[in-house]
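Peer 1: turn this into a model:
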Amino acid sequence: MIFPFDRLQRPWRCCVFTATFAVLGFCAPPALAAENLGPFAGHADIGVVEHPGTVAYDAAKGTCTVGGSGVNMWFTADAFHYVWKKISGDIALAADIDFVGSSAEPHRKACLVIRQTLAADSIYADAALHGDGLTSLQFRDVTGGVTREVQSSVVQPHRLRLEKIGDTIHLSLAGADGQLAPAGCSVRLPLNGEFYIGLGVCAHGADAFETAIFSSLTFSQPSTQVTAVRSSLETITIASQDRRSVYHTNDLIEAPNWSRDGSELFFNGGGRIHRLPLAGSGQPAPVDTGFAMQCNKDHGLSPDGAQLVISDQTKDGKSRIYVLPSAGGVPREITPLAPSYWHGWSPDGRTLAYCAQRAGKFGIFTIPAAGGAEQRLTTTDGLDDGPDYSPDGRWIYFNSDRSGHMQIWRMHPDGTAPEQVTTDAFNNWFPHPSPDGKWIAFLSYAPEVTGHPADKDVALRLMPAAGGEITVLVKLFGGQGTINVPSWSPDSLKLAYVRYQPAP
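Peer 2: Numbering: from 1, shown residues only. Coordinates of the predicted model:
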C-alpha cells in the first residue's frame, strides 16, 4: 500500500537542472546485440545526457566497467548510463565498486539500480556510492515523483548489495573485510511484474563523464539478515528532506529524544532508556534508571537538559511518571496515580503535561515537575492525548477525537480556549512544536486506522505553527513508537524518528 499523501516538492541538492527535454515516458534505445555484456541483456542512456555511455565486460576478471554522463539521478527525472537485465520476483545484486580516477565532483554516483522502466521518470531504487564516500538508498516511489533517499552511516563501503524482497528494497554494505551486513536502510517500492536490475553511473555534471568498475558481481537470492532488522533510528533534515539511518537493530526501539546540545539521541528499548552518540560510530548505552526497568516510550529531557523524565511500569505494571538526573540516578516519583504517560515539559521547567486515565476516562493533566497535585485540563468524551508545549509556553498542543476522528488541537496551559488545528481526513497524532516556534510536526494514519497502532503505513507531516499548507516530510512503515514524544533537534533543523521493518 502506498500512503495517499500529496507529494512534497524538493529543491536540487547539489546542482540546478537546466536541460530542456521531453523525456517523460521515453525509453532509450537498446544496446547493440553484438556487445559482450556478461550477465546483462542491454545498456542505454537514461534521460538526456551530453556524452553516450559505455560498457565493457571482462569475463576473465569478472568486472563490468561502466562510463556515464548525466546531470543527476535525482528530483523527478534521471540522467545516467545503465546496464541491465529484465527479471521478476525476489533478487539480490551485489558488487565491489571503485571509481576510475580522481574527480572534483563529490556527488558522482556509481549505483546498483532497480527500475520499473527505462523512462527517465520511472519508479526506482538504487544503492548509490557517491564520489565522496556517501552511501545511500535513493528511490522514487511514484512515476514522475520526487527522488528521496536514506543515507547510511557507513562511509566509503567496499561492497554494496541491493535486495528486493516482496515490495521492499533493502541496502546492505561491507567494509574492507567484505562481510555484508544490513545498513538499516529500506523502502517500500511498488514494482509490478517484470523490472530492470543492473548497474548505473552518473557524472553529476552536464559536460562531465565518469567511469566506475563493478567487480565480484553476484546475482543471488536475498539474505534473511535484512528482514531481521526490526527498527531503524533515522533523522530527517527539514529543508532538504535528506534522511539518515543513524542506528538500526533487530530489536524493538521507540521514541527518540534529542539531547539539548544536539550530540545524542535518547530512546527506549527492552524496558531501558538508552543514549546514542551521533558523532563517529558510537553504540547506544543504557542510562542508569535505578529500579525503573520497564520504561516505555513516553520520556524526555527537561528544558535545561539536566533531568530526564520517564514513564515506567515496574511498580505494579501501571505506568507512572518519574524524574531523575539525565546522566542517570534514582528516579523520583511524580504521579502516584496510574496510569500516567508523560508527553511535555513546560519551557520554564516547572510543569509536566501528560495523558492519564482517571475513573476510567482518559484526559490531559499537568503537575508540578517538583511533585504535587495534578490538574485535569480536559474532560470531553473520547480520547485526548499527546500534549506538548509551544516554546513560548502560550499553548499546549494535543490530539483529540472529540470532533469525530483524531485531529490536532491546542489550548492554553490552564485548559481554556481549546481550538482545532487540523481538519483533514487523516487521523493525526502526537503534535510537536519546533523549538523555534515555526513548525508543528505530527504523525498521520490513514482514515480507516483507529488508535495509534504499530506496523502501519504512516506519514510524518509538517505544518506552519501560524497556519498554512500541511506537507509530507516522509512516508514510512511505523506508527506506535515512531514519534510519540518531542523529537526535534535543538536547532529546529531536524527531526528524529523510528522506522520499522515489515514482517517478511
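Peer 1: give me every residue that touches residue 489.
Peer 2: 235, 258, 262, 495-496 (Cβ atoms under 8 Å, 6 or more residues apart in numbering). For every residue, glycine as well, the C-beta is placed using N, CA and C.
Peer 1: low pLDDT regions in the protein?
Peer 2: Scanning the chain for pLDDT under 70 picks out 1-34, 503-504.
Peer 1: tell me how it divides into domains.
Peer 2: Listed by automatic domain parsing, the domain ranges of the chain are 42-226, 256-493.
Peer 1: hey, which of those is tucked in deepest?
Peer 2: Of the domains of the chain, the one with the most neighbours on average (mean count of other Cβ atoms under 10 Å) is domain 42-226, at a mean of 20.
Peer 1: distance across that domain, terminal residue to terminal residue?
Peer 2: Taking Cα to Cα, to the nearest Å, domain 42-226 runs 29 Å from one end to the other.
Peer 1: so residue 476 lies in a strand, does it not?
Peer 2: Yes. According to DSSP: H, G, I helix; E, B strand; the rest coil, residue 476 belongs to a strand.
Peer 1: ok, what's across the strand from it?
Peer 2: residue 458 (DSSP bridges).
Peer 1: circling back to that earlier point, need the contacts of residue 489 in CSV (columns: distance to residue 160 and secondary structure).
Peer 2: Formatted as CSV, the contacts of residue 489 follow (distance: Cβ to Cβ, whole Å; DSSP: H, G, I helix; E, B strand; the rest coil):
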residue, distance to residue 160, secondary structure
235, 22, strand
258, 30, strand
262, 30, coil
495, 27, strand
496, 26, strand
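Peer 1: turn those residues into CSV, columns for distance to residue 46.
Peer 2: Listed next are the contacts of residue 489 as CSV, based on distance: Cβ to Cβ, whole Å:
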residue, distance to residue 46
235, 30
258, 39
262, 39
495, 33
496, 35
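Peer 1: ok, so of those, who is nearest residue 457?
Peer 2: If you rank the contacts of residue 489 by distance to residue 457 using Cβ to Cβ, residue 495 comes first, at 18.4 Å.
Peer 1: how near is that closest one to residue 474?
Peer 2: Separation of residue 495 from residue 474 (Cβ to Cβ, to the nearest Å): 9 Å.
Peer 1: which neighbours do the two have in common?
Peer 2: Residues touching both residue 495 and residue 474 by Cβ under 8 Å, 6+ apart: 236, 460.
Peer 1: pick the one among the contacts of residue 489 closest to residue 169.
Peer 2: residue 235 (20.4 Å).
Peer 1: what residues are up against that closest one?
Peer 2: Listed by Cβ under 8 Å, 6+ apart, the contact set of residue 235 reads 243-244, 246, 489, 494-497.
Peer 1: wasn't residue 227 part of a helix?
Peer 2: Yes. According to three-state DSSP, residue 227 belongs to a helix.
Peer 1: please shift the residue numbers so they start at 40 in all later answers.
Peer 2: In the new count, where the first residue is 40, that last one comes out as residue 266.
Peer 1: neighbours around it, how many?
Peer 2: Residues lying near residue 266 (other Cβ atoms under 10 Å) number 20.
Peer 1: so it is in contact with residue 540, correct?
Peer 2: Yes. Using Cβ atoms under 8 Å, residue 266 is in contact with residue 540, at 6.8 Å.
Peer 1: within its sheet, name the partner strands of the longest strand along the chain and how each one runs.
Peer 2: Ranked by residue count, the top strand of the chain under DSSP state E comes out as strand 249-259. As defined by DSSP bridges, the strand partners of strand 249-259 come to strand 102-107 (antiparallel), strand 130-138 (antiparallel).
Peer 1: which residues touch the shortest one?
Peer 2: For strand 102-107, contacts defined as Cβ under 8 Å, 6+ apart pick out 76-77, 79, 82, 84, 88, 92-97, 119-120, 122, 139, 149, 238-242, 248-254, 256.
Peer 1: the residue most central in space within the chain and residue 460, how far apart?
Peer 2: In the chain, the centroid-proximal residue (Cα atoms, centre = their mean) is residue 273; its distance is 4.9 Å. Computed as Cβ to Cβ, the residue 273 to residue 460 distance reads 26 Å.
Peer 1: on that earlier part again, could you export the longest strand of the chain as CSV, CA atoms only?
Peer 2: Extracted as CSV, the C-alpha positions of strand 249-259 are listed here (Å, rounded to 0.1, in the frame of the first residue of the first chain):
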residue,chain,number,x,y,z
GLU,A,249,32.8,9.4,-15.1
THR,A,250,33.7,5.7,-15.0
ALA,A,251,33.4,3.0,-12.4
ILE,A,252,34.4,-0.6,-12.1
PHE,A,253,32.0,-3.1,-10.7
SER,A,254,33.7,-6.3,-9.7
SER,A,255,32.8,-9.6,-8.0
LEU,A,256,29.3,-9.2,-9.4
THR,A,257,26.8,-11.6,-8.0
PHE,A,258,23.1,-12.2,-8.5
SER,A,259,21.5,-14.3,-5.8
